[in-house]
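Participant: sequence first, then the predicted structure, then my questions.
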Amino acid sequence: MRPENCLPKVYTRLCLAIVLVIAYLKGTQGQELWVYSQTNLLVPDEVQRIEELMQRAKNSGYTHLLIADSKFSRLGQLDDRYFKNVQRIQKKATELQLKLVPTVCSVGYSNDILSLEPNLAEGLPVQDALFIVRSGSASLQADSNQALPALSDRRKWGFIDESLKLDGETLQASPPYSGNVRLSKPVRLTPFRHYHVSVQIKTQDFETPVEIKLLTKEGKSLNYTNLRTEPSQDWRTHHITFNSLDNTDATLYIGAWGPTRGTLSIRQPTFEECGAVNLVRRKSAPIRIELESEDGKRKPLQEGVDFEPWADPKLGNVPYAGEYDVWHEAPSIQLKQQLPDGSKLRVSYFHTHIVYDGQVCGTASDAQFEDLLEQQIERMTNLFPNSDFMMSHDEYRVMGWTQATAKGLAPEATPGQVLTHNVQCCSKKLLARNPKPAVAVWSDMFDPYHNAVEKYYLVNGSLRGSNAPDSVRIVNWNFGKRQESLQHFSQRGHQQILAGYYDSDPKQITDWLDTVVDSKIPGVQGVMYTTWRKNYSDLEKFAGLVKDHSWYSKVSKD
């Protein structure tokens, strides 16, 4: 090849190298140090705590305060006291030249915004449950007997760990322990039915959480509700509910896993099909009630004509708005049409599922839920003009079961497409209100190396392919696969903030930054001191570790 023919290729390569260098330098310029804080700005003591935290943060070189308050979802219900407190922290932030970043759009952890309309929780489907008419109302009757055997009949259980010894009708466990402390039994299920499990538990210095689990043959869990047992408690009845989904059997486990100490007592476990506890009512979660004749034929019944409007008055209101009680009396169907006792109804509906310690997910595919998010965006951008914002699309664990009604969303959209559509809408509306501020989002639901996967909790379908607009900054917390994750978002053109600490060793942030520097990942603009326990004891140390790192010193020199 003639030398003159090589010049275009050499020139192209040189330009590409320059672009890459500029991108790397651009990605490391203007470094930011964030600190995360959950608060309640209605409480004067909390306002003072935030002001003191802001002063400490500024003294250590922090530039941003990411602030989360459940009240951000309920601004229309608050009085002047709250807004005066907001003005206090805004004034303090201005004095310290510290940028406030409020959270908005509670999509994964939706309890706050669902307090405005609890029926906008995502629901799991129940299909053709049997209800029996008695004295003008209809309540659930299980299609088959689901009673558990007596604890004294050890042979009828799948297994009972040797550490559990029988004392009458109580199983007791005490040290020394050689392993797990559980009882287990295979159970038959009817697909897409609602089930209830309860057990009485007593503990003394028993620090390992006691759990109820329903696991399928594939090892998938059907429930994610914590029992919230205490290390020492007198006899207390604990409840969970779950949906069988498309499963015909599962294995029930009750007990504790892993090393433990102290004593545990278990008695009176129950297992049953249950009624419409936490019944969800909205257009995208319709009910169907049919009268079933002796020959199996069905006749649709009409709400308001054949039966009274059906709802669960305790949905999302126990003990207060936005909180969903795991177990309470199921609402019966009150008939307007006179039907003989013993008449059979086949009932289909949707109910919520409570994840871990109270998390309930909103339904991002619903037009009404999008309206609530838009209302919050309008109020928040008015309250925090020129602020950056953080969208809370994280750990979205129940989705894809109810009808999609959001504008511009196809009815057959996958969960990944639903999430992509919603985060695009939210970020667009935020920027439309004020185009100057930056908008950020947690990384996990858009990360194929984290939660954007095929099978995630109780999500109906794939989350693969979910993406935030490249104009949205990613607050990345995937430490376990940080190199793959950082590269994924960098290749998509996102700026990134590293969410470090997580109530662990503050030195973890150096591993994050080592990966950024060693792999020459562009677009990483900052780090965040991230604590869920309001533990700020390592705030200064964390900042020092960041400033001592070559990532920071290189940027400062440049």
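Facilitator: On my side now, so go ahead. Numbers count the residues shown, from 1 in each chain.

Participant: hang on, I497 packs against N476?
Facilitator: Yes. Using Cβ atoms under 8 Å, I497 is in contact with N476, at 7.0 Å. C-beta coordinates here come from the backbone N, C-alpha and C atoms, glycine included.

Participant: check what pLDDT Y36 gets.
Facilitator: pLDDT recorded at Y36 is 98.

Participant: the one 4 residues further on now?
Facilitator: The predicted structure scores N40 at 97 on the pLDDT scale.

Participant: now I377
Facilitator: Predicted confidence (pLDDT) for I377: 97.

Participant: helix, strand, or coil at it?
Facilitator: helix (DSSP: H, G, I helix; E, B strand; the rest coil).

Participant: ok, it - contacts?
Facilitator: 104-105, 426, 429-430, 433 (Cβ atoms under 8 Å, 6 or more residues apart in numbering).

Participant: return the subset of the residues you listed lying in helices.
Facilitator: Counting by DSSP state H, the part of the contacts of I377 found in helices is 426, 429-430, 433.

Participant: kindly indicate which of these lies nearest K84.
Facilitator: Among the ones in helices among the contacts of I377, R433 lies closest to K84 (Cβ to Cβ), at 23.0 Å.

Participant: local confidence estimate at that closest one?
Facilitator: Per-residue pLDDT puts R433 at 79.

Participant: so what's the residue count around it?
Facilitator: For R433, the tally of surrounding residues (other Cβ atoms under 10 Å) stands at 16.

Participant: what segments of the stretch 351-500 of the chain are strands?
Facilitator: Along the stretch 351-500 of the chain, the segments classed as strands by DSSP state E, counting those that start in this stretch run 389-392, 398-399, 439-442, 458-459, 473-476, 496-501.

Participant: can I get the ones you listed in CSV including distance to P175?
Facilitator: Shown next, in CSV, are the strands of the stretch 351-500 of the chain (distance: least, Cβ to Cβ, whole Å):
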stretch, distance to P175
strand 389-392, 43
strand 398-399, 38
strand 439-442, 41
strand 458-459, 36
strand 473-476, 43
strand 496-501, 35
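
Participant: re earlier: distance to W310 added to the ones in helices among the contacts of I377, as a markdown table?
Facilitator: Formatted as a markdown table, the ones in helices among the contacts of I377 follow (distance: Cβ to Cβ, whole Å):
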| residue | distance to W310 |
| --- | --- |
| C426 | 32 |
| K429 | 34 |
| L430 | 37 |
| R433 | 39 |
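
Participant: and of the strands of the stretch 351-500 of the chain, who's closest to S244?
Facilitator: Using Cβ to Cβ, the strands of the stretch 351-500 of the chain put strand 458-459 closest to S244, at 11.9 Å.

Participant: can you tell me how far the residue nearest to Q334 when sequence neighbours are not counted is from S37?
Facilitator: The spatially closest residue to Q334, leaving aside those adjacent along the chain, is E308, at 4.2 Å (Cβ to Cβ, 6 or more residues apart in numbering). Look at E308 and S37: by Cβ to Cβ, to the nearest Å, they are 47 Å apart.

Participant: the more surrounded of those two?
Facilitator: A count of neighbours by other Cβ under 10 Å puts S37 above the other of E308 and S37, at 20 against 14.

Participant: where's that one, which helix or strand?
Facilitator: S37 is part of strand 32-39 when elements are defined by DSSP states H and E.
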